[in-house]
Each structure stands twice: as C-alpha cells, then as structure tokens.
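Colleague: Quick one, what's the 3D model for this:
(2 chains)
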Amino acid sequence: MRVRFAPSPTGYLHIGNARTAVVNHLIAKKSGADYIIRIEDTDKERSTVESEISILDDLRWLGIEWNEGPDQDKGHGPYRQSERDDIYSEYTKKLLQSGHAFKCFCTNEQVEEDKKEAQDQNKPFLDRCRNLTLDEQDELCAGGQFPIKFKVPEGESIVFDDKIKERVTFNSSNIGGDFIIVRSDGGAVYNYIVSIDDALMKITHVIRGEDHLSNTPKQILIAKALNLPIPEYAHLPLILGSDKKKLSKRHGITSVDIYRQEGYLPEALMNYLGLLGWSTESGEEILEFDKLISLFEISNISKSPAIFDFQKLKWMNGGYMKKYPLAEITDMFIPYLEKAEFDVKSMSREKLENIISIIRNSCEILSDVAKPAAIFFNDINIPDDEGDALLNEDYSKDIIKIASEIILILNEETVLAGLIPGIKEKTEHKGKKLFHPIRAMITGTLTGPELDLAIPVIGYDNLKKRIEYCKEKYC
RNA sequence: GUCCCCGUCGUCUAGGGGUCCAGGACACCGGGUUUUCAUCUCGGCAGCAGGGGUUCGAAUCCCCUCGGGGAUGCCA
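Modeller: Next up is the predicted model:
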C-alpha cells in the first residue's frame, strides 16, 4: 500500500491541507504503507521555493514522516512536477495520436458561446475542434500556441467506490465537456498529470480533500485512456469556518506555522486534526499518537464537513501540556519567556521551575505564559483596566495603606505569614473583598496563581516596591 | 443553470428500524473545593432541517422541498 500527500507550494501549509497530510500519515503508519510527498508546482506564477520549504518544515514539525519525496534522499524523488515535463509530454503525444486528445483553436469567446448554447439547449457541450484530424491540427497550429484538450467520451458512466463517500456515480456527458490538459504555454494541468503521477508512483490509495471529488471522473477517464491503473479514492469532507464557508484567514489562524509560533504542540494539532470528523468508540478524545493510530479507521470518517473549532483545539492543547514533566515543560516555555523579553538567563533553574509549576495550569498554549510570568519577572506591574478600577475603590485604598504599613515590619521570612493575615485583621475583610485588592496590588491584575504560592517567589523586596507604587498612585 | 457530495445540541460527534422522552466532548450556566480568580470536581441548558411516504414502530429506509458545500476552459 502506498499513499501520498501532494501540496502545491503556493503559500503556507493550510490547516485543511495539514488535515489531509495527517490522515494520510495515520493511515500509512497504521498499515505500514509508504508515504510519498509530491510537490505539485505546475502553476509557475504562484509556486515558490519558499513555500515548498516552509510546507515541508511544517510537516516535519507536525511529526509527519515520508519515505519518498523532497529531501528524504532515499534514492527516490524529489517528485516535483515541474521537473517531470518530459514524462508528461510523452503521454500527451500518446493521447494526441490515439485520438484521446486534440488541440483546440477556439477563442475564449467562441468556447463561452458554445458552452452557453449547449447549456440553453440542455445538451452536453461538445468542443468544435474535437474531431479535427492530426493533419488538420498541424495545419491550423502553424507554429502558434494552443491548448490541448482531453476528448471526453459521450454517455459513459463513471463509478467508483470512495472509502468515505461510498459509491459515487458520474456520467461523462456531465462533467463539463472536453477539458484542457495542457495549457497553451505547454504546461500540463493538474487534473491531467495527477493520474499519471499517481500511477507512476504506484499510489494505491488517494486520500485528499473533497474539493477533488468532482475532478475524480476526469482523472479516471485519463487513466483509462492511458491504460494506467486507477487507485482507490477517499475524499475527506472539507473543513469550514464558523460561517460554514471554506476555512479561510478571516475565520482565524489557518496557517500551521502560526500555530507553531503561538505555542501549540504538534501532537495536539495532530490529535485534533485526526479527530475532526472522526471519533472513537469510547468517546475518548485526547489520544496519544500510538492510540490514535491503532484506533484510526478511514471508513469511520464522517461524510459531512466539519467546522473548525479553535476553542476545542486550545482545550486539547492544554490537555497535552499538562502531561509533560516540569523540567520538560519548563524548557518548552523558555523561548516564549525570552520572546516576552523576560530575563530568563540570570534566573536560577530552581526558581524558574518553581515559577512554571505555579503558572503552568493557567496556560493552554505556550505563549499564554507571558501574562502570568510577568508577575514574577517584573519589579512592579502596572495594573490593567480591571485592576485599576478595583484599586480606585475606597476599600482597596484602605488595604493599600494598611499593607504599606505592615510591610515595613515584615521581612523575607515573615512576609508570607504576616502580610495577608495582617491585612485581614486590620480591615476585617475576607474572601473576594480581601483577596482581589491584594491580588491587584501585587500583581496588577485580577487573575493569576494562588497568592500564597506567588508571594514567596515574588520576594519581600519586590512586594515592598509594588505596595509603595500603589500607595503613591492610588492613595 | 447543470452535475456531484452533504444535512443529529452553538460546535465536534455517537447512534444505521424498537434497548433513544437521543449518549459523550468543547463552549456556556450553576453548585462544591480554593479565606480570591484560575485549576479541579459535580450538575444543568441545548439537537434528529421541513414535508410526505414505508412500517405495529423511524434520528435510523424511500421520495420531494429547503439549506450548505464542491466542480464546471487555461488554480490545485
């Protein structure tokens, strides 16, 4: 068994394509199949090497491994369609000679008109050049540049058993008429060369997005005309945005690269993508890789499209983060602390791990760490809007005043036992009315780690600074 | 327009004729824990697109309508 993922390098790795890559990977791992990466860079205008590099990089980050394809150096590949023109033109010659394809000399307007007419009369569109002989074609060509089209047979039914959609039936008269396989500039077109490449690369199972479902009959016709094997197909339902339109940037993050930067874990993304449109019998959702593979079954994938739920991905990511031992998760957080310009290097490892152990639970993604960490890294913290509003309350001002007195008679050893109980005793506040102003005073914000844990780590000197700052600002 | 695919809580889904007055998860709301927020934990809200059939019985089968998505000459 051999599967493939065939991205076109016209941008970053999109979350929808990543899902396709993940499903292929899961299937490959499960069945021990070969995984081939093929770069579909036939669109010369839009393809760039930069996107190829970044797509491959993102795939590696996700944990996807392939046996054949770019940079894998196993004696195969690189499998770039742009480097296979010779192969395609051989097949084009065959098609031309066998009468399965023809050059079309119609103008754009001509075709448009003919199509419209066919449509109005509810008849299938037949290209007016389709019956030209080879000689006639040569004559008309006369050194000019014209597209080559595939001659679609009339009234042939094309049936295939999709692994997800089950039996799908098309009629050849109904797939839009003769279609272009080679552009007038000589470049072969996607729908044409996938058939060739999949056959030549001995792909047994084509697993791809549903947007290719109605391309499939064309590809089957080409394979038949060329006497090439036809693979099994599995068409994954599309991933949609919250408005049920195809997932795009305006819905949120669609680039795998950005998820990486924001501090999502690859295993969480893989888990989420694998689970989209699919579920386990037990209902378990956080599935470590081995379990994901052993349980994954392509025939269980839903037929209907799924809306991408950013919140659930986040939740799942948080679940994975909780599983890491302190030392490891600390290492993972460090780049994000440095990015937030905290002075990590001059801090002892012990204190750093201490901080992480206090704040890790309030993080669902790695970049969440910046906010709670500020409590410990900054000397003082300017209150945010909520904190500021609270500290302007009269009872908060009382607390600040009292704190500023109490802090003077405390020291590093006594501050934990003395500060909050001392304020409580003097003000007789308790619960929220006691803790929230204190929290705002020493952290600048209303949410964060347990104060009893935070206070010893912030340390006496900084606490004093913070209290004095608030006294000046609010009292 | 035509063809193809799809339609269970807000979202991801289980369920494929009786065990479903439809189960789980995210989100949301409420209780408990935390002298505070969060975490954690317990509980709640909420759905079979609509209409016809078939059947003793339909979320499950059939038809129609509606809705969404995709493809339809030089994107993949």
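Colleague: Could you pull up the mean pLDDT of stretch A:309-316?
Modeller: What stretch A:309-316 shows for mean pLDDT is 94.
Colleague: How about stretch A:201-219?
Modeller: 95.
Colleague: What of stretch A:127-139?
Modeller: 87.
Colleague: Can I get that stretch as PDB, trimmed to CA atoms?
Modeller: What follows is stretch A:127-139 as a C-alpha-only set of coordinates in PDB (Å, rounded to 0.1, in the frame of the first residue of the first chain):
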ATOM      1  CA  ASP A 127     -15.900  21.100 -28.400                       C
ATOM      2  CA  ARG A 128     -15.900  22.100 -32.100                       C
ATOM      3  CA  CYS A 129     -12.300  21.100 -32.500                       C
ATOM      4  CA  ARG A 130     -12.600  17.600 -31.100                       C
ATOM      5  CA  ASN A 131     -12.900  15.900 -34.400                       C
ATOM      6  CA  LEU A 132     -10.100  17.500 -36.200                       C
ATOM      7  CA  THR A 133      -7.600  15.100 -37.700                       C
ATOM      8  CA  LEU A 134      -3.900  15.200 -36.700                       C
ATOM      9  CA  ASP A 135      -3.100  16.700 -40.000                       C
ATOM     10  CA  GLU A 136      -5.700  19.400 -39.700                       C
ATOM     11  CA  GLN A 137      -4.500  20.200 -36.300                       C
ATOM     12  CA  ASP A 138      -0.900  20.600 -37.500                       C
ATOM     13  CA  GLU A 139      -2.100  22.900 -40.300                       C
END
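Colleague: residues making contact with it?
Modeller: The contact list for stretch A:127-139 (Cβ atoms under 8 Å, 6 or more residues apart in numbering) reads A:96-97, A:102-106, A:110-111, A:114, A:140, A:149, A:151, A:177-178. The way it works is simple: take the backbone N, C-alpha and C, and place the C-beta from them, glycine included.
Colleague: one more time with 6 Å, if that's ok
Modeller: The contact list for stretch A:127-139 (Cβ atoms under 6 Å, 6 or more residues apart in numbering) reads A:Phe102, A:Lys103, A:Cys104, A:Phe105, A:Lys151, A:Asp178.
Colleague: Buried residues in that stretch, which are they?
Modeller: A:Asp127, A:Cys129, A:Arg130, A:Leu132, A:Gln137 (16 or more other Cβ atoms under 10 Å).
Colleague: likewise stretch A:218-226?
Modeller: Buried, per 16+ other Cβ under 10 Å, within stretch A:218-226: A:Lys218, A:Gln219, A:Ile220, A:Leu221, A:Ile222, A:Ala223, A:Ala225, A:Leu226.
Colleague: can you tell if that stretch touches RNA strand B?
Modeller: No - using Cβ under 7 Å from any atom of the strand, stretch A:218-226 stays clear of RNA strand B, with a minimum separation of 7.7 Å.
Colleague: contacting residues around that stretch?
Modeller: A:Tyr91, A:His100, A:Ile158, A:Asn191, A:Tyr192, A:Val194, A:Ser195, A:Ile230.
Colleague: what two of those residues are the furthest from one another?
Modeller: The largest separation in the contacts of stretch A:218-226, counting by Cβ to Cβ, is between A:Tyr91 and A:Ile158 at 19.9 Å.
Colleague: Which one of these two is surrounded by more residues?
Modeller: Neighbour tally, A:Tyr91 and A:Ile158, criterion other Cβ atoms under 10 Å: the higher count belongs to A:Tyr91, 22 against 19.
Colleague: show me what contacts that one?
Modeller: Contacts of A:Tyr91 by Cβ under 6 Å, 6+ apart are A:Ile196, A:Leu226.
Colleague: following the strand or helix carrying it, which helix or strand comes up?
Modeller: In this structure, A:Tyr91 sits in helix A:85-97 according to DSSP states H and E. Downstream of helix A:85-97, the next assigned helix or strand under DSSP H and E is strand A:101-103.
Colleague: For that following strand, the averaged confidence score.
Modeller: Strand A:101-103 comes out at a mean pLDDT of 93.
Colleague: What's the first helix or strand after it?
Modeller: In N-to-C order, the element after strand A:101-103 by DSSP H and E is helix A:108-120.
Colleague: Report the buried residues of that next one.
Modeller: The neighbour-count check on helix A:108-120 (16+ other Cβ under 10 Å) flags A:Val111, A:Asp114 as buried.
Colleague: Enumerate the positions of the longest helix anywhere in chain A that are buried.
Modeller: Counting by DSSP state H, the longest helix found in chain A is helix A:15-31. Within helix A:15-31, the residues scored as buried using 16+ other Cβ under 10 Å are A:15-30.
Colleague: Next: stretch A:370-379.
Modeller: Here stretch A:370-379 shows A:Ala370, A:Lys371, A:Pro372, A:Ala373, A:Ala374, A:Ile375, A:Phe376, A:Phe377 as buried, counting by 16+ other Cβ under 10 Å.
Colleague: How far off centre is that stretch?
Modeller: 30 Å (Cα atoms, centre = their mean, to the nearest Å).
Colleague: Need the CA coordinates for it. PDB is fine.
Modeller: Only the C-alpha atoms of stretch A:370-379 are listed here, as PDB (Å, rounded to 0.1, in the frame of the first residue of the first chain):
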ATOM      1  CA  ALA A 370       3.800  35.700  29.100                       C
ATOM      2  CA  LYS A 371       1.000  37.200  31.200                       C
ATOM      3  CA  PRO A 372       1.200  35.100  34.400                       C
ATOM      4  CA  ALA A 373       5.000  35.200  34.200                       C
ATOM      5  CA  ALA A 374       5.100  39.000  34.300                       C
ATOM      6  CA  ILE A 375       4.000  38.700  37.900                       C
ATOM      7  CA  PHE A 376       7.400  37.200  38.800                       C
ATOM      8  CA  PHE A 377       9.700  38.700  36.300                       C
ATOM      9  CA  ASN A 378       8.800  42.400  36.500                       C
ATOM     10  CA  ASP A 379       9.700  44.500  39.500                       C
END
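Colleague: Residues contacting stretch A:234-245, please?
Modeller: A:16, A:162-165, A:207, A:209-210, A:213, A:247, A:251, A:277, A:298, A:304-308.
Colleague: Please check those residues and keep the buried ones.
Modeller: Buried, going by 16+ other Cβ under 10 Å: A:16, A:162-165, A:207, A:209-210, A:213, A:247, A:251, A:277, A:298, A:305-306, A:308, out of the contacts of stretch A:234-245.
Colleague: Now, these that are in strands?
Modeller: Secondary structure from DSSP state E places A:Asp162, A:Ile207, A:Gly209, A:Ala306 of the buried ones among the contacts of stretch A:234-245 in strands.
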